[in-house]
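J.: The sequence and its predicted three-dimensional model are supplied below.
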Amino acid sequence: MATGRLVEVYLDLLSQPCRAVHILLTCTKIPHRVRTVALRKGELDAILKYLTTKYDVPEHWYPRQPERRARVDEYTAWHHTNTRPHAAKVFLLEVLLPAQSGSPVDEARLNRALSDLDDTLDKLESMFLRRQPFLCGDDITVADLLAACELMQPLGGGRDVLKERPQLQQWSTRVQSAVGEAFDEAHSVLYALRDRRRARL
């Protein structure tokens, strides 16, 4: 059980890193109050690491043992030039830009973005998952939260990017099982966006 003062967090649950922070706070029972804002940007993995270091939470989230911690740091550094921009670009091209401009989806740009994301998904499987259940070993870490929330983002446009990826689907199921209801709670805004888009089609 986490102890300490109430943490006041400003979160936009349409933001992938914000959802990861929300899930961590809920799962670790760090006392907190959520203030909903429209951030839509910002890198929050530093906040995830800060929270796991400051509060008495299970060590698996951000291990103290140097080699295990280095694996988490390796993924989070890689995340910002791979998983994050590639999954976000698919959502941007398929959902945000058409909604803001009223123009149709630029299919050529979307196909390039999907190809980049596909390369990233290949690397997630070959570099990080290999023969282990989570990205950085046998236990869930903040790395899994960041990746899972990011790969959910295209779902806002109705696109399941893991549909043809059984290894990543199994990993995603393990992540969701590990965090329980916190996962769907954090993604409720994204699910609502997906459902509104489906209703319009």
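T.: Happy to help now that I have it. Quick caveat, the model's predicted, so the values are computed rather than measured.
J.: Quick one: neighbours of Leu92, just the number.
T.: As a burial measure, Leu92 scores 19 neighbours (other C-beta atoms under 10 Å). All C-beta spots, glycine's among them, are computed from the backbone N, C-alpha and C.
J.: mind checking the SS state of it?
T.: helix (DSSP: H, G, I helix; E, B strand; the rest coil).
J.: From Pro85, how far out is it?
T.: Computed as C-beta to C-beta, to the nearest Å, the Leu92 to Pro85 distance reads 10 Å.
J.: cool, Gly157 as well?
T.: In terms of C-beta to C-beta, Gly157 sits 16 Å off from Pro85.
J.: before we move on, which element is the residue most central in space within the chain in?
T.: Computing the C-alpha centroid of the chain and ranking residues by C-alpha atoms, centre = their mean puts Cys149 first, at 1.9 Å. Per DSSP states H and E, Cys149 falls inside helix 142-152.
J.: can you give me the angle the biggest helix by length in the chain makes with helix 142-152?
T.: Ranked by number of residues, the top helix in the chain under DSSP state H is helix 107-123. Angle of helix 107-123 versus helix 142-152, following axes from the mean of the first three to the mean of the last three C-alpha atoms, to 10 degrees, is 150 degrees.
J.: distance between helix 107-123 and the chain's centre?
T.: Counting by C-alpha atoms, centre = their mean, to the nearest Å, helix 107-123 is centred 18 Å from the centre of its parent chain.
J.: residues of that helix that come out buried?
T.: Using 16 or more other C-beta atoms under 10 Å as the test for burial, helix 107-123 gives 110, 113-114, 116-117, 120-121.
J.: how about that helix as PDB, C-alpha atoms only?
T.: Provided in PDB are the C-alpha atoms of helix 107-123 (Å, rounded to 0.1, in the frame of the first residue of the first chain):
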ATOM      1  CA  GLU A 107      -4.300   7.200 -47.800                       C
ATOM      2  CA  ALA A 108      -0.700   7.400 -49.100                       C
ATOM      3  CA  ARG A 109       0.600   9.000 -45.900                       C
ATOM      4  CA  LEU A 110      -1.500   6.600 -43.800                       C
ATOM      5  CA  ASN A 111       0.000   3.600 -45.600                       C
ATOM      6  CA  ARG A 112       3.500   4.800 -45.000                       C
ATOM      7  CA  ALA A 113       2.700   5.400 -41.300                       C
ATOM      8  CA  LEU A 114       1.200   1.900 -41.000                       C
ATOM      9  CA  SER A 115       4.300   0.500 -42.600                       C
ATOM     10  CA  ASP A 116       6.500   2.300 -40.000                       C
ATOM     11  CA  LEU A 117       4.300   1.100 -37.200                       C
ATOM     12  CA  ASP A 118       4.500  -2.500 -38.600                       C
ATOM     13  CA  ASP A 119       8.400  -2.300 -38.400                       C
ATOM     14  CA  THR A 120       8.000  -1.100 -34.800                       C
ATOM     15  CA  LEU A 121       5.700  -4.000 -34.000                       C
ATOM     16  CA  ASP A 122       8.200  -6.400 -35.500                       C
ATOM     17  CA  LYS A 123      10.900  -5.000 -33.200                       C
END
